[in-house]
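Novice: need a structure here:
(chains A and B)
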There are 2 protein chains.
Amino acid sequence: MNPSPHMSPDQFRAAAHQLIDWITDYWSRLDELPVLSRAKPGDLLAALPAAPPEQPEPFDALLADIDNLILPGLTNWQAPGFFAFFPANISPPAVLGELLSAGLGVNGMLWAASPAATEVEMRMLDWMAALLDLPAKFRWSGGNGNGGGCIQGTASESTLIAMLAARHRAVARGADPSELVAYTSTQAHSSVIKAAMIAGLARAPDDHSHLRLLDVDDTFALRPDLFSEAIEHDVAAGLTPFYICATVGTTSSTAIDPLVPIGELAHRHGAWLHVDAAHAGAACICPEHRGLLRGVESADSLCFNPHKWLLTSFDCDLFWTGDRAALTGALSITPEYLKNAASQAAASGGTLSPAVDFRDWQIPLGRRFRALKLWFVLRSYGAENLRAYIREHIRLATWLEEQLRADPRFELAAPRPLNLICFRIAPRAGESHSDADARSRELLNRLNSTGRVYLTHTVLPTSAGPRYTIRMCIGGTFTQERHVREAWTLIQQFA
Amino acid sequence: MNPSPHMSPDQFRAAAHQLIDWITDYWSRLDELPVLSRAKPGDLLAALPAAPPEQPEPFDALLADIDNLILPGLTNWQAPGFFAFFPANISPPAVLGELLSAGLGVNGMLWAASPAATEVEMRMLDWMAALLDLPAKFRWSGGNGNGGGCIQGTASESTLIAMLAARHRAVARGADPSELVAYTSTQAHSSVIKAAMIAGLARAPDDHSHLRLLDVDDTFALRPDLFSEAIEHDVAAGLTPFYICATVGTTSSTAIDPLVPIGELAHRHGAWLHVDAAHAGAACICPEHRGLLRGVESADSLCFNPHKWLLTSFDCDLFWTGDRAALTGALSITPEYLKNAASQAAASGGTLSPAVDFRDWQIPLGRRFRALKLWFVLRSYGAENLRAYIREHIRLATWLEEQLRADPRFELAAPRPLNLICFRIAPRAGESHSDADARSRELLNRLNSTGRVYLTHTVLPTSAGPRYTIRMCIGGTFTQERHVREAWTLIQQFA
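Specialist: Just a heads-up that it's a prediction; the model follows:
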């Protein structure tokens, strides 16, 4: 093909340098942009041409459209006033890691398809296991030979593959697949229900024939007594408990499920215990928070997302298991056209024998070299700075909680183990809960309409019934004390 | 936190510019690097520190390790001599799109979570549908209101979600989930078997109780007569055919399944037809190749991967369906803490009503803004250059096929509709097939050991039994005529 249709090296370099400058400038403007997009559905669709261009367009045209078309349609997750959902941290080193991964363009589906992609990932999982002080059974080095971990896209995928591994193990032990039962709490992430639907264990979100959603205590943590009862009941009915999902830091309120008793229960009944620490896991790099994972040694798998609160851009969910044979048993299929690489690795006689092929650890076949961004983050910050980063957000959350507690217009809606504050408007004398909740809803809408902050809500069970609750999670890469103080000023103003 | 633990804007800018230069330089060196990594298992693991650093390291230290540690461990997928598997094209504009997506750091799980992420993606799917001339039923604009498409990570995920949508529809129509049967050919991608395992329809790769793998014809395409027989047989036995996966361009040999008769069969029995055009779909942007998709109007879903042969970095699989209600029925779960956004979008009264939330179209919850890279590619190249790019690779593949056909030492092993050539050593007079196949294997090993090229193999069914077959796919971003000529010289030299 002559001439080349590609940008020349000089053109690419110039465009990339322009884009780097645009991104640096965007980060510096984040404090001024509305956090929640003000776009209406269809605004951008109407502005985009109906048909693709036949002829090339210059990079300047693209860059102009980013300003004119894309920016108004963004909810700025990296804005310092973003307190919604859980954070999705980016950081300069993580963006550099993503850039390098894109520039290399290798696919780590098999060890031989790019050995570095697999081996850096193995080592990063061990590094993070060390920072969390995880038991040896989850590690590649120094473990029992049946453990290890890798990067998944999201915690939803970890929840699913853990369920598949659990089913594989249960069926291998003689269970009837149609008589398996999974257990989690009503406060677990919706991905547990979704996993059951995908795996064929639930026909719809409200089909509980193979999945029990059990009530929580007044801290919104699972109740081991209810789990025990439900399991005994199912066993008596001839069913097989095969999977328990416990959550360390629920999405609604960062409730902490007690791993020690639930682990004993799982062990007694041979069920797989999966621990979803998607958000709260990040805090466990600080020794003072590692108690949140007490009992994790009895788990069969565990995940946490550095892409939430540990500066490593989405997608980066870390999944560890102590039973990788069950996992690969559930997910491994080796057709002929993928066999070269594996046999080549085995034949090459290295120390890693047999070679680890991460396609057998996940739903997709192909995979990006995502370990680079984690490697860049851990080395660029160093563990000390990462701990300081977590502690600063917790300090700010503690401060805000104190302000809310001291102000009689508000009530705290849940314990705050880390950086998520759940609160609502307290009913006035004689005011019903539902009227107070309507005022909470109105408060949230007014806060979000300022463009300065973005908070979200949940509904928590209480002795007075389900209560509307405002969630404010302080965990943004660029969030500083002044942003939390400004949010508090707005909250007081609109309350 | 004081001082900030983050790189300053100037530090980031400087590091990013260094990295851009490194990447540009890497691309210019790709022709000199060994295509297949020579690393042995464990080499890199041994070179990486056992523990993470406590203190920050400068970016220069990272950059040095990319050269010293990472490069030797890469199989260079972007090297012009990479003819293995299918390609995984990157391109300068796609890398810029990935960089921008990383820099923005928005999560497009819900429309309101960043409206631009959803709406650019919708428009890109319509643009690609226009380039492929897909029926209106798959489009957002001008369709029937129950169609559309989005970006998935991989074709494996598309295969799976199509199977889940098919099951949802069949069960909604009254089928017993335990009596569902899926059908595909023995040449379909392994992800069909993996999807059945994930969905709970197969206990192991060789469990065919709910999945029929049917023989192919001598072009390795599915045989409608065998499908018809199998389906009639299953229906007579009281089972429900619910899913057929047809492949346009199989992984082993780019065999083209006939969509017209299989579509009629699917329609007659109410089964969902999914078309996997992961690799070959790219060629259908050229009018002269659109015949490969003849009959696609009878499909319920379709996928193709611009990340293979259309210059849009992994991961970017496009998935279209004509029945999005079935898909979201299989995958949608809306817990309270995700409801604000959807209701807000609905209440804002825009033209997109109700707002599309792509979390309900996929296995994960979160999602990157991947449409940016496709937008950048389509606009930076323009459709004309993309067609020229495809045609050039097919011209080179045609040339190489002619050389192989003219040389009696070789035999062609499969028809070549596009850019994948399947060949093997022809048996000498009196030589057994297995001896000739051993020479093919030896040829492949010698080729790959040069470091100049990387080819892979498959095994194809023939009237004489399974035959070892060398696959050479010409589709690299930087692959030019001289690289194909050099490969041919090496093939002749080692044959």
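Novice: Run a quick neighbour tally on A:G430.
Specialist: 6 (other C-beta atoms under 10 Å in any protein chain shown). Using the backbone N, CA and C atoms, a C-beta is placed for each residue, glycine as well.
Novice: what sits against it?
Specialist: By C-beta atoms under 8 Å, 6 or more residues apart in numbering or on different chains, the contact list for A:G430 is empty.
Novice: Can I take it that it is in a helix?
Specialist: No - using DSSP: H, G, I helix; E, B strand; the rest coil, the secondary structure at A:G430 is coil, not a helix.
Novice: so what's it scoring on pLDDT?
Specialist: For A:G430, the model assigns a pLDDT of 96.
Novice: That one and A:F59, how far apart?
Specialist: 64 Å (C-beta to C-beta, to the nearest Å).
Novice: now do A:L273
Specialist: In terms of C-beta to C-beta, A:L273 sits 51 Å off from A:F59.
Novice: So the two - more neighbours on which side?
Specialist: Just comparing A:L273 and A:F59: by other C-beta under 10 Å the higher neighbour count belongs to A:L273, 26 against 22.
Novice: Please look at the more buried one and A:T247 and confirm they touch.
Specialist: No - between A:L273 and A:T247 there is no contact under C-beta atoms under 8 Å: 11.6 Å.
Novice: the bottom helix or strand of chain A by mean pLDDT?
Specialist: Ranking every helix and strand in chain A by mean pLDDT, DSSP states H and E puts helix A:339-347 at the bottom, with a mean of 48.
Novice: mind showing which ranges of chain A have poor pLDDT?
Specialist: A:1-3, A:335-354 (pLDDT under 70).
Novice: Strands of that one, start to end?
Specialist: Secondary structure of chain A (DSSP state E): strands at A:148-152, A:180-185, A:211-214, A:240-247, A:272-276, A:301-304, A:317-321, A:410-412, A:420-425, A:456-462, A:465-473.
Novice: Let me know which of those strands is the nearest to B:F494.
Specialist: strand A:148-152 (36.6 Å; C-beta to C-beta).
Novice: next one: the closest one to chain centre, how far?
Specialist: 14 Å (C-alpha atoms, centre = their mean, to the nearest Å).
Novice: and the stretch 151-300 of chain A, which residues reach chain B?
Specialist: Where the stretch 151-300 of chain A comes near chain B, counting by C-beta under 8 Å from any C-beta of the partner chain, the residues are A:153-157, A:160, A:164, A:167, A:171, A:177-178, A:190-191, A:193-194, A:197-201, A:203, A:205, A:251-252.
Novice: Buried by neighbour count, from those: which ones?
Specialist: For these, a burial check counting by 16 or more other C-beta atoms under 10 Å in any protein chain shown picks out A:153-157, A:160, A:164, A:167, A:171, A:177, A:190-191, A:193-194, A:197-201, A:203, A:205, A:251-252.
Novice: Out of these, which sit inside helices?
Specialist: A:155-157, A:160, A:164, A:167, A:171, A:191, A:193-194, A:197-198 (DSSP state H).
Novice: I'd like those laid out as a markdown table, including distance to B:A94.
Specialist: As requested, those are exported to a markdown table (distance: C-beta to C-beta, whole Å):
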| residue | distance to B:A94 |
| --- | --- |
| A:A155 | 27 |
| A:S156 | 26 |
| A:E157 | 24 |
| A:L160 | 29 |
| A:L164 | 32 |
| A:R167 | 38 |
| A:V171 | 42 |
| A:S191 | 30 |
| A:I193 | 35 |
| A:K194 | 30 |
| A:M197 | 33 |
| A:I198 | 30 |
